[in-house]
Each structure stands twice: as C-alpha cells, then as structure tokens.
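# Please work out how this folds:
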Amino acid sequence: AKIAMGYRGYGLPMAEVISEGNVGLMQAVKKFDPDKGFRLATYAMWWIR
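Predicted coordinates:
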C-alpha cells in the first residue's frame, strides 16, 4: 500500500492501483532469480512500479 499511495493523484481508484501492484508482485516472483544477488523485495518493487 505504501507504493500505491504514491499514485493517488492519477485518477484511479486505490483498489485498482493495489490490484495492479499485486499483478506486478506475481510477475516478480515468477521471474526472480536469487543467484543474481538481488533481494526479492528490491526486485519486486521494480516490477510493482
């Protein structure tokens, strides 16, 4: 929700923004490769935005 709050002024309902963030999170989990040295949280934040 913290990332979603940054998108309040774009005219979308907050539930829609959070829903799209969840899609980004699922994409990040699918593509995450721990051998590359990144943390999942850092990688997921890139996909969510």
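# Now do the longest helix anywhere in the chain: which elements does it pack against?
Counting by DSSP state H, the longest helix found in the chain is helix 14-31. Applying 3 or more Cβ pairs under 8 Å, 6 or more residues apart in numbering; DSSP states H and E, we find helix 14-31 packed against helix 2-5, helix 40-48. Every residue, glycine included, has its C-beta placed from N, CA and C.
# By mean pLDDT, show me the worst of the ones you listed.
Among the helices and strands packed on helix 14-31, helix 2-5 carries the lowest mean pLDDT, a mean of 87.
# Excluding sequence neighbours, find me the nearest residue to A44.
In space, and not counting its chain neighbours, A44 is closest to A28: 3.9 Å by Cβ to Cβ, 6 or more residues apart in numbering.
# relative to its centroid, which residue of the chain is most remote?
D35 (20.7 Å; Cα atoms, centre = their mean).
# Backbone dihedrals for that one, please?
Dihedral pair for D35: phi -70, psi -20, per degrees, to the nearest 10.
# Okay, it and G9: tell me how far apart.
Distance, D35 to G9, by Cβ to Cβ, to the nearest Å: 39 Å.
# State the distance from the residue farthest from the centre of the chain to R8.
Here the criterion is Cβ to Cβ. By it, D35 lies 37 Å from R8.
# cool, and P34?
Using Cβ to Cβ, P34 is found at 33 Å from R8.
# Same question for E16.
According to Cβ to Cβ, E16 and R8 sit 12 Å apart.
# Ok, which of the helices and strands packed on helix 14-31 comes nearest G21?
helix 40-48 (4.7 Å; Cβ to Cβ).
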